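J.: Fold the following.
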Amino acid sequence: MISTEFASRKLKRKLAADGIKESIVAAGDLLTRKRLGRPVLDPLVERGFVRSVSRDALKSIASETITVPGATEEGDVPFVSLLDGGRILSETGLALTSRFEILEESAAAPDRAQQAMMAMLSRQLFYGDAQLRGLLWGSPQGGSRRSVGSLQSAAPLIPRYPNYYHWIVETVPKVRYVRAFEDATDERVTLLVPRDAPPFVDETLELLEWPQSRIEHATKSAYDVCQLVLPSFPEPRATDFEWLRREVLEHVPETTPESGDNVYVSRANAVERRVVNEDEVMNALSRFGFSCYRLEERTLEQNARLFADADIIVGPHGAGLTDILFATDCTLVELFGDKIKQPYRKLAATLGVSYEPMYCQAESTDIVVDTAALAETIQEIHDQ
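T.: As a prediction, the model looks like this:
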C-alpha cells in the first residue's frame, strides 16, 4: 500500500502548486528523510565522514556561555554559546564550527539531534544552492567561494523547515535567548533569516521590535561568522510562549470579534488534509458562532488577535493550529485523518489550553468529518 506521503492526490496538487521541478525535488527530499534517515547518517558519523558537536561539547569549546533567565519549568535551562568562528548553512540554519563540525544544538535538542541532522542534511542536499559536500568540508569542488558570505556577529534564525509551526515554536524563542545574551554581554547580534522568507517571518520580528539594521536575509548559500552566537534549541516551554504572546498582543489592538467568537481553520488551499465536506462542516458549526478562516491569507497580527478572542477553535491537523499560542482561554478540537501526530496536543498541554481530538474518515490524503459527531462534541464543550 502506498503511503499517503506519496499519494497521487497529494502529488497532483503539489505539481499544480509548485511545478514539476520543485515537486521532484520535494519528493526526493521526502523519500530520503522517510526511507533512509538514520541508516545512512549513523555509518557516516561512526566513520567520521560527518562530525558533530554535542550540547555538552559545545559548552566546553565555547568562548562564553550565558544562561537565559526567567525559566520556571523543570529541565534544561535555555542558554546561548559564543564561538570564535563558524559557518551557518542558509537553507536549514545548521551551524558548523570553524572545523566544519555540525553543532547539534542548531538541529534539535540532544534526544532528537541525530535524526534532525539527517533531515536537515537531506534538505540542504536537495534545496541548497551549492553542493552539500563543499559546504560541510570546505572542499573546492563544492561550489565557489562566491556562494559564501560573511558576517561579524550573528545567530541563525532559520527554521529547519519553512513552516509556520517550526518558525513560531522552534525558532522564535531564540529571539528571547539572544536578547538575554545581548543584555549580559553588551554585544549586538545580527539575526540571519531565510532568503525567501514567508511574510510571517518579517511580521514576527517587527512585532518583537527587532531592529531592521540587525536582520540579514540570506542571499548566499552559507555564511562564515567571526562571532557565532548559538542559542540552545527551544523545548516547548510555557515561559517562552507566554513571552511571545505578551510581546505580540501588546502591539495588536483589541477588536470586536469579526463574526462570532469561534474559529474554524480551513485547509482548502493546502496540498493535503483538506476537509472534503467542508461546506457541511460549516453548516453544522454555524449555529455555534463559528466562522471559517484561511489563515495563510491573513497577517500574523490578525490571526493572533483572532485566536486570542476565540472560545473554541476547530481545524484539521496543520500549522495553522500553532496560533493557539495566542489563545488565553479556549478549547482546541483537532481533526485527524489517517495521519496522527501529537505536536498540538503537546502544545495545548504546555499552554494550558483544553484539547479534544476527533478521529475522522480518511479519503486519500484528505479528511471526511462526521458532522453529527462534531456538532455533538461542540455542544458538550458549550455545556461544560
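J.: Residues contacting stretch 213-224, please?
T.: 85-91, 128-130, 135, 143, 147-151, 154, 158, 188-195, 197, 202, 205 (Cβ atoms under 8 Å, 6 or more residues apart in numbering). Every residue, glycine included, has its C-beta placed from N, CA and C.
J.: model confidence over it, on average?
T.: On average, the pLDDT along stretch 213-224 is 95.
J.: That one: end-to-end distance?
T.: Stretch 213-224 has its terminal residues 19 Å apart, counting by Cα to Cα, to the nearest Å.
J.: Now do it: distance to the chain's middle.
T.: Distance, stretch centre to chain centre, for stretch 213-224: 19 Å (Cα atoms, centre = their mean, to the nearest Å).
J.: before we move on, the earlier item: mark which of the contacts of stretch 213-224 are part of strands, please.
T.: Secondary structure from DSSP state E places 85-89, 148-151, 154, 190-193 of those in strands.
J.: how many other residues sit next to Lys379?
T.: Careful, residue 379 is Gln; it's not Lys. For Gln379, the number of neighbouring residues by other Cβ atoms under 10 Å comes to 11.
J.: is it fair to say it lies in a helix?
T.: Yes: under DSSP: H, G, I helix; E, B strand; the rest coil, Gln379 falls within a helix.
J.: what separates the closest residue to it other than its chain neighbours from Ser153, distance-wise?
T.: Distance criterion Cβ to Cβ, 6 or more residues apart in numbering; nearest residue to Gln379, sequence neighbours excluded, is Phe288 at 7.8 Å. Per Cβ to Cβ, to the nearest Å, Phe288 is found 52 Å from Ser153.
J.: what ranges do the strands span in the stretch 101-250 of the chain?
T.: 102-103, 148-156, 190-193, 215-217, 222-231 (DSSP state E, counting those that start in this stretch).
J.: With only the CA atoms kept, save the third one in CSV.
T.: The C-alpha atoms that make up strand 190-193 are tabulated as CSV, following Å, rounded to 0.1, in the frame of the first residue of the first chain:
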residue,chain,number,x,y,z
THR,A,190,22.6,40.1,13.7
LEU,A,191,19.9,37.5,13.1
LEU,A,192,20.3,35.5,9.8
VAL,A,193,16.8,34.7,8.4
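J.: What helices and strands are in contact with it?
T.: With contacts defined as 3 or more Cβ pairs under 8 Å, 6 or more residues apart in numbering; DSSP states H and E, strand 190-193 has these neighbours: strand 148-156, helix 199-207, strand 215-217.
J.: coming back round to it: which residue in the ones in strands among the contacts of stretch 213-224 has the weakest pLDDT?
T.: Ranked by pLDDT, those bottom out at Val148 (91).
J.: ends of stretch 60-70, how far apart?
T.: 24 Å.
J.: Oops, could you answer that again for stretch 103-121 instead?
T.: 12 Å.
J.: Please apply the same query to stretch 188-197.
T.: Counting by Cα to Cα, you get 23 Å between the two ends of stretch 188-197.
J.: Any chance you could list what contacts that stretch?
T.: With contact meaning Cβ under 8 Å, 6+ apart, stretch 188-197 is reached by 88, 90, 93, 151-159, 162, 175, 178, 181-182, 201-202, 205, 210, 214-219, 223, 229.
J.: Now the buried members of the residues you listed.
T.: Neighbour counting with 16 or more other Cβ atoms under 10 Å marks 88, 90, 93, 151, 153-159, 162, 175, 178, 181-182, 201-202, 205, 210, 214-216, 218, 223, 229 as buried within those.
J.: Tell me, how many residues neighbour Glu206?
T.: With other Cβ under 10 Å as criterion, Glu206 counts 14.
J.: Out of the contacts of stretch 213-224, which end up buried?
T.: Buried by 16+ other Cβ under 10 Å: 86-91, 128-130, 135, 143, 147-149, 151, 154, 158, 189-194, 197, 202, 205, out of the contacts of stretch 213-224.
J.: all helices for the stretch 51-200 of the chain, in order.
T.: For the stretch 51-200 of the chain, applying DSSP state H, counting those that start in this stretch gives helices covering 55-61, 113-127, 132-137, 164-170, 173-185, 199-207.
J.: Can you tell me which of these has the worst average pLDDT?
T.: Of all these, mean pLDDT reaches its minimum on helix 132-137 (a mean of 45).
J.: Figure out how far stretch 160-174 is from the centre of its chain.
T.: 3 Å.
J.: That stretch: end-to-end distance?
T.: Termini of stretch 160-174 sit 13 Å apart (Cα to Cα).
J.: Can you pull the poorly scored residue ranges out of the stretch 1-150 of the chain?
T.: The model of the stretch 1-150 of the chain has pLDDT under 70 over residues 1-6, 11, 14-15, 21-42, 45, 72-74, 128-146.
J.: could you redo the last one with a cut-off of 90?
T.: 1-51, 70-76, 91, 114-147 (pLDDT under 90).
J.: re the thing from before, next, count neighbours for the residue nearest to Gln379.
T.: Phe288 sits with 19 neighbouring residues when counted by other Cβ under 10 Å.
J.: for the stretch 201-350 of the chain, what are the low-confidence residue spans?
T.: Across the stretch 201-350 of the chain, the ranges flagged by pLDDT under 90 are 251-261, 328-329, 338-339.
J.: how about the helices of it, start to end?
T.: Going by DSSP H, counting those that start in this stretch, the stretch 201-350 of the chain shows helices at 238-249, 278-286, 300-309, 343-351.
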